[in-house]
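> Got a sequence here, can you build the structure:
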Amino acid sequence: MQFIRYCDLKEQEFVLMEFSNMLLLVMALVEFLEREASSREVENQRLEKFVGGCLRTLEQMEYWESENGLLQRKVKKLLRKVKQQSCLIHEQDSKLDAREAKLLGIHGALETKTKVIKKLENETGELRALLEQLQDEKKGLLAKLGLAEKSTSSVSKVKSLFYKVIEIIVLEKMH
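Numbering: from 1, shown residues only. Below you'll find the predicted structure:
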């Protein structure tokens with residue numbers, strides 16, 4: 001009986017050792033699982049941060065896409081305005097070219113008229129000089145004419161006196 005009891009105790013000791021080993025194994029497994037859980041928790045935190053970053057990036061992308069759409073609409077509007085202004089500028093440029101051509105024509109006509117006016121002024125000056133010369137000649141001729149009239153009137157008076165004298169002489173002789 002003691003041997004049986006000893007065998008039982010040895011068997012219990014063996015079972016106890018197995019349980020102890022199993023317990024150590026379970027404890028090691030629990031410790032491993034705790035580390036794994038801790039590692040996964042850290043990994044989950046990293047993933048949460050990563051997902052948060054991705055969500056912020058996604059929000060930023062959505063914001064920038066909306067801003068991009070707004071900017072594209074503004075660019076289209078500005079392009080339309082630029083196109084309208086370009087057409088307006090082209091139209092005004094054409095009008096300015098037409099006005100410039102007209103002004104050049106007017107300028108040419110004015111230059112021609114200015115030349116004609118200068119030519120006429122020169123001719124007028126020449127005619128004035130000629131007129132002054134003719135007036136001087138006229139004055140000289142009028143003076144000569146006045147002298148000639150005086151001498152003609154003197155000759156007429158002399159003739160008339162001469163005829164009267166002759167008449168008187170003839171009358172005296174006849175009487």
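> what stretches of this structure score poorly on pLDDT?
Scanning the chain for pLDDT under 70 picks out 148-149, 151-155, 158, 175.
> what do you get if the cut-off is 90, keeping everything else the same?
Filtered on pLDDT under 90, the chain yields the residue ranges 1-16, 18-20, 120, 123-124, 126-175.
> Now find how far off-centre the host helix or strand of residue 73 is within its chain.
Taking DSSP states H and E as the definition, residue 73 sits inside helix 2-174. Relative to its chain's centre, helix 2-174 lies at 0 Å (CA atoms, centre = their mean, to the nearest Å).
> Tell me which other helices or strands that helix touches.
Helices and strands touching helix 2-174, by 3 or more CB pairs under 8 Å, 6 or more residues apart in numbering; DSSP states H and E: there are none. Every C-beta, even on glycine, is put in place using the N, C-alpha and C of the backbone.
> centroid residue for the chain?
By CA atoms, centre = their mean, the chain has its centre lying nearest to residue 89, at 8.3 Å.
> ok, and for stretch 68-84, which residues are buried?
Buried residues in stretch 68-84, counted by 16 or more other CB atoms under 10 Å: none are found.
> ok, residues contacting that stretch?
Stretch 68-84 is contacted by no other residue when judged by CB atoms under 8 Å, 6 or more residues apart in numbering.
> Now that stretch - C-alpha only, CSV.
Provided in CSV are the C-alpha atoms of stretch 68-84 (Å, rounded to 0.1, in the frame of the first residue of the first chain):
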residue,chain,number,x,y,z
ASN,A,68,-10.4,73.7,-58.2
GLY,A,69,-13.9,73.6,-59.7
LEU,A,70,-14.5,77.2,-58.4
LEU,A,71,-11.2,78.3,-59.9
GLN,A,72,-12.0,76.6,-63.2
ARG,A,73,-15.3,78.4,-63.4
LYS,A,74,-13.5,81.7,-62.6
VAL,A,75,-10.9,80.9,-65.3
LYS,A,76,-13.7,80.2,-67.8
LYS,A,77,-15.4,83.4,-66.9
LEU,A,78,-12.1,85.3,-67.2
LEU,A,79,-11.4,83.7,-70.5
ARG,A,80,-14.8,84.8,-71.8
LYS,A,81,-14.1,88.3,-70.6
VAL,A,82,-10.7,88.3,-72.1
LYS,A,83,-12.1,87.0,-75.4
GLN,A,84,-14.8,89.8,-75.3
